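Engineer: here is a sequence with its predicted model. Questions after.
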There are 2 protein chains.
Amino acid sequence: MKIVVLAGGIGGARFLRGLRSAAPDAEITVIGNTGDDISLFGLRVCPDLDTVMYTLGGGINEEQGWGRADETFTVKEELAAYGVGPGWFGLGDRDFATHIVRTQMLAAGYPLSAVTEALCDRWKPGVRLIPMTDDQVETHVVIQDEKGRRAIHFQEWWVRLRASVPALSIAAIGAEESKPAPGVLEAIEAADVVLFPPSNPVVSIGTILAVPGIRDAVATRTVVGVSPIIGDAPVRGMADACLTAIGSETSARAVAELYGPGLLDGWLVDDADAEVRVPGVEVRPRPLLMTDEEATAAIARAALDLALELKRAEESKRAEENG
Amino acid sequence: MKIVVLAGGIGGARFLRGLRSAAPDAEITVIGNTGDDISLFGLRVCPDLDTVMYTLGGGINEEQGWGRADETFTVKEELAAYGVGPGWFGLGDRDFATHIVRTQMLAAGYPLSAVTEALCDRWKPGVRLIPMTDDQVETHVVIQDEKGRRAIHFQEWWVRLRASVPALSIAAIGAEESKPAPGVLEAIEAADVVLFPPSNPVVSIGTILAVPGIRDAVATRTVVGVSPIIGDAPVRGMADACLTAIGSETSARAVAELYGPGLLDGWLVDDADAEVRVPGVEVRPRPLLMTDEEATAAIARAALDLALELKRAEESKRAEENG
């Protein structure tokens, strides 16, 4: 069975670990968000790709969900001693090595997809991880503060400001001109099902879908998503701040409508949202808290089962229509 | 009093620490060798400049003479886990930060001299440290081994091979086309005396003198050198391998002759070499082992005293000739 997952960072990575465990024989391709990518200290940092790679490769800091386990911060402290920042972005010594290798390969002319494959040679995540694009796409956020109305990098808004200043708008700069990385469209077209983990619907999955060609390819598949919202709050992170920025309410229904019924076939919501209805989408309630790996695997299994059920139903329907 | 010192790495740095202590009120300008510079992991590494900066700034690993005190090697270990080398060059985590800052400033368009000044803002070495040139000069060594006759970077010969394979020749690639960095010639022209510490006469001081304009400017000053050779062996390091490569013998006399009597006015040799005579050069024997900071300061003081004595003698001679 071939599964494609569009993934952001922590939520996507944990979901993927559950999926890998729930469907050990499946061929899983992960289309990773690169809109969060940022250049720091002359190095190219890809937070979402790395979170997926480290989480599935056994190198993640489990408690915080991002960065490396047993991490130290000597390089960062020394950079600060030179007066070189930013200090708000937590790059550890182990993590630095990843960015040094990536930056060196990019400088040598390798596309990000080839770099990611090379990095995964070490981590053996058990999935095929492809960046959504080899082109540079960077999510920027327009805010209004004492310095006036201005656009800042998503990471500055998310990490430094903790999304505490309202986002007036969010834009994936470069997305319109970008092309899917080699293998992205092919993987989607060959997929039995496409899953959306409980990643941020605006700045993770939304950004991936903004790469021309990806949304259309996904729309041809059976797609099941896992709601990142329970009740009126994100399961984790600050997705509500992103939803507000684009004029959407924070609810499982609003996110499903955001993806659009032309895209989603099934939608897993939490039991707390059992009443949610979305036209054209099969909504299925179940506990959605990824409290541990077992619970996460059960959620992934449920998403996959729903997708296979909807796919079979669709195939039966087509067979009847043709017969 | 204005003193200019042409310096390589460890020997030069230690001599400078002694000189700073022996002449606390002097204005010391250090012209640093950059022929040892190398790009590793996409980062520009300047071993000799850093050794001077760390030694005079109190950050050096005293035992090994290069690199930072209390150093860790997490980044290097992680790079090795990605299969990225070379492993033979010992870049520590603290050291990495220096190279990251330098590389970022160079990429931003700052010349190495400005970068070095910015790095010294932190270390406050108590001297003005200027790279010999802002242009790229890299020392390469021609060797003959099982792979045939080939040129390798000086660091590979020096650090990886420990100079165990004979050097057929040594060349400072780019030196002929290089220009002295801003301030270099001005500092030499304004200097009361120029001192050569017991640095490597071929790949450190020799390389600095190979930058067009520097040798001529130095030749107009009173110049005193400290022999890096005692008897038939280097005080430290593997200068003998470099001397052999250029067809010179390893002796205090041979090094003085290498610099040439048109350049050197005085030459401090060890008591073991008291018999050495060099035409046109005032040779003065004394103990030359830099066993501790006190002994090193005494050597620096002796070099400075000899230089001032020769300068006064020269001035008297000129006054007599004119009178």
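Structural biologist: Happy to help now that I have it. Residues are numbered from 1 along each chain as shown, chains lettered A, B, ... in the order given.

Engineer: just give me the neighbour total for A:Phe15.
Structural biologist: Around A:Phe15 there are 27 other residues, counting by other CB atoms under 10 Å in any protein chain shown. (C-beta placed from N, C-alpha, C; glycine too.)

Engineer: repeat for A:Arg162
Structural biologist: A:Arg162, neighbours per other CB under 10 Å, totals 11.

Engineer: check contacts around it.
Structural biologist: A:Met238 (CB atoms under 8 Å, 6 or more residues apart in numbering or on different chains).

Engineer: show me where chain A has helices.
Structural biologist: Using DSSP state H, the helices of chain A run over A:10-22, A:47-57, A:74-81, A:93-107, A:112-123, A:154-155, A:184-190, A:205-209, A:214-219, A:239-245, A:252-259, A:293-322.

Engineer: so the fifth one versus helix B:74-81, what angle?
Structural biologist: What that stands for is helix A:112-123. In terms of direction (axes from the mean of the first three to the mean of the last three CA atoms, to 10 degrees), helix A:112-123 departs from helix B:74-81 by 90 degrees.

Engineer: now helix A:112-123 against helix A:47-57, angle please.
Structural biologist: Using the same axes, to 10 degrees: helix A:112-123 against helix A:47-57 is 30 degrees.

Engineer: what residues of helix A:112-123 count as buried?
Structural biologist: Across helix A:112-123, burial judged by 16 or more other CB atoms under 10 Å in any protein chain shown covers A:Leu112, A:Ser113, A:Ala114, A:Val115, A:Thr116, A:Glu117, A:Ala118, A:Leu119, A:Cys120, A:Arg122, A:Trp123.

Engineer: could you do the longest one as well?
Structural biologist: Residues A:296-300, A:302-304, A:306-311 are the ones in helix A:293-322 that count as buried (16+ other CB under 10 Å).

Engineer: equivalent analysis for the second one, please.
Structural biologist: Of the residues in helix A:47-57, those buried by neighbour count under the rule 16+ other CB under 10 Å are A:Pro47, A:Asp48, A:Leu49, A:Asp50, A:Thr51, A:Val52, A:Met53, A:Tyr54, A:Thr55, A:Leu56, A:Gly57.

Engineer: okay, now the closest residue to chain B within the stretch 101-250 of chain A: neighbour count?
Structural biologist: Here the residue of the stretch 101-250 of chain A nearest chain B is A:Gln104; by CB to the nearest CB that distance is 4.1 Å. Neighbourhood size, A:Gln104 [other CB under 10 Å]: 20.

Engineer: and the buried residues of helix A:112-123, which is closest to A:Gly148?
Structural biologist: Comparing those against A:Gly148 with CB to CB places A:Leu112 closest, at 33.6 Å.

Engineer: state the distance from that closest one to A:Pro180.
Structural biologist: From A:Leu112 across to A:Pro180, the span is 12 Å (CB to CB, to the nearest Å).

Engineer: is stretch A:118-137 positioned near chain B?
Structural biologist: Yes: counting by CB under 8 Å from any CB of the partner chain, chain B is contacted by stretch A:118-137 at A:Ala118, A:Leu119, A:Asp121, A:Arg122.

Engineer: ok, so of the buried residues of helix A:293-322, who is nearest chain B?
Structural biologist: The nearest one, if we look at those relative to chain B and count by CB to the nearest CB, is A:Thr296, at 27.2 Å.

Engineer: if we can go back for a sec, TSV for the buried residues of helix A:293-322, including pLDDT and distance to chain B?
Structural biologist: Output for the buried residues of helix A:293-322, formatted as TSV (pLDDT from 0 to 100; distance: CB to the nearest CB, whole Å):
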residue	pLDDT	distance to chain B
A:Thr296	97	27
A:Ala297	98	28
A:Ala298	98	33
A:Ile299	98	32
A:Ala300	98	29
A:Ala302	98	36
A:Ala303	98	33
A:Leu304	98	33
A:Leu306	98	39
A:Ala307	98	35
A:Leu308	97	37
A:Glu309	98	42
A:Leu310	97	41
A:Lys311	97	39
